[in-house]
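Trainee: I'll drop the sequence and a predicted model, then ask my questions.
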Amino acid sequence: MTGFWFNPNIHPFQEYKLRLDSLKWLAHRQNIDIYFSEEYNPADFLKLFNAQSKDLTELRNIENPDNPEHLLKSPPPSSERCRSCYRLRLEKTAEQASKEGFDAFSTTLLISPYQGFEDIVKTGQDLAEKFNIFFYLRDFRPFFRKSLAEAKELGIYRQKYCGCIYSKEEKKQAQRHREKNFVTSAFGTLCLLISNLMQDNLQYIGKFLIILGIVSIIIGALFLLFRHTDIPLPGKLPGDIVIKRKSFTIYLPIATSIILSILLSMVLYFISGRK
């Protein structure tokens, strides 16, 4: 078995290099022979859409765009983009396999549940006929989780998105959408809880605030009265831990927390018992 690296779809260069270096490390570790087409030329991938979108005509004179974010204004449809990408890379693989006299060719794409399995199979079979070489087809997707676990165990870099600039932007947008929905949902839930609490428990809230105010006044008065005495105050009770070092101080008011918890529980019990 021999591997073949050809991935002009990966963007940016830092991502390309991370994946390439990871494969080289694994090939050396596992003693796997691999042909590397290392030249970083994303225009080979981006030009696939030049004839299909008028917005990409500027790519005709771009051989090695480092940061073509302007292309995101009119991205090609996901299905069209992926099929074109499969074709580009598998055709190069089949061509190389035929040139080197191999019996068959295949692709690691067959292990991913996130790729278009049927499109990959059709592309591979079409190219097998074109180059008169067998396309080895097997559904490796059941081994996907196992492959992730092994990669994690070996410390191999694992990609965060498919590879191209479009998939990277789609992941960003999806993340922003999830974050926006989370904030909106959390804020809406909080408002609903407050609204229900205000509607159903105004008397309860009033009592709680009055008692909380009285307790606060009493605690404040105690601090003022006993601040110059040896009587231990909250925060300095037996059981409160203070760790002091030259550069930091850590407070662990365990006893104070227990006492305040008991007092608060008593207050809440007092209020709830007299609603």
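Mentor: It's in.
Trainee: what about the most centrally placed residue in the chain, which SS state?
Mentor: A centroid search over the chain (CA atoms, centre = their mean) returns Lys160, at 6.7 Å, as the residue closest to the centre. Three-state call for Lys160 (DSSP: H, G, I helix; E, B strand; the rest coil): coil.
Trainee: from what I can see it touches Ala174, true?
Mentor: No: here Lys160 does not reach Ala174: they are 11.9 Å apart, not a contact under CB atoms under 8 Å. (Glycine included, C-beta is placed from N, CA and C.)
Trainee: Following element in sequence after the strand or helix carrying Gly3, please.
Mentor: If you go by DSSP states H and E, Gly3 is part of strand 2-5. Sequence-wise, the next helix or strand downstream of strand 2-5 (DSSP H and E) is helix 13-30.
Trainee: which residues touch Ala94?
Mentor: 105, 124, 127-128, 130-131, 133, 135 (CB atoms under 8 Å, 6 or more residues apart in numbering).
Trainee: so how far is Leu127 from it?
Mentor: The gap separating Ala94 from Leu127 is 4 Å, by CB to CB, to the nearest Å.
Trainee: what residues are shared contacts of those two?
Mentor: Phe135.
Trainee: so where do the helices sit in the stretch 51-200 of the chain?
Mentor: 78-100, 117-131, 144-154, 165-200 (DSSP state H, counting those that start in this stretch).
Trainee: Format those as a markdown table; extra columns: distance to Leu109 and mean pLDDT.
Mentor: Output for those, formatted as a markdown table (distance: least, CB to CB, whole Å; pLDDT from 0 to 100):
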| stretch | distance to Leu109 | mean pLDDT |
| --- | --- | --- |
| helix 78-100 | 7 | 93 |
| helix 117-131 | 5 | 96 |
| helix 144-154 | 12 | 93 |
| helix 165-200 | 13 | 70 |
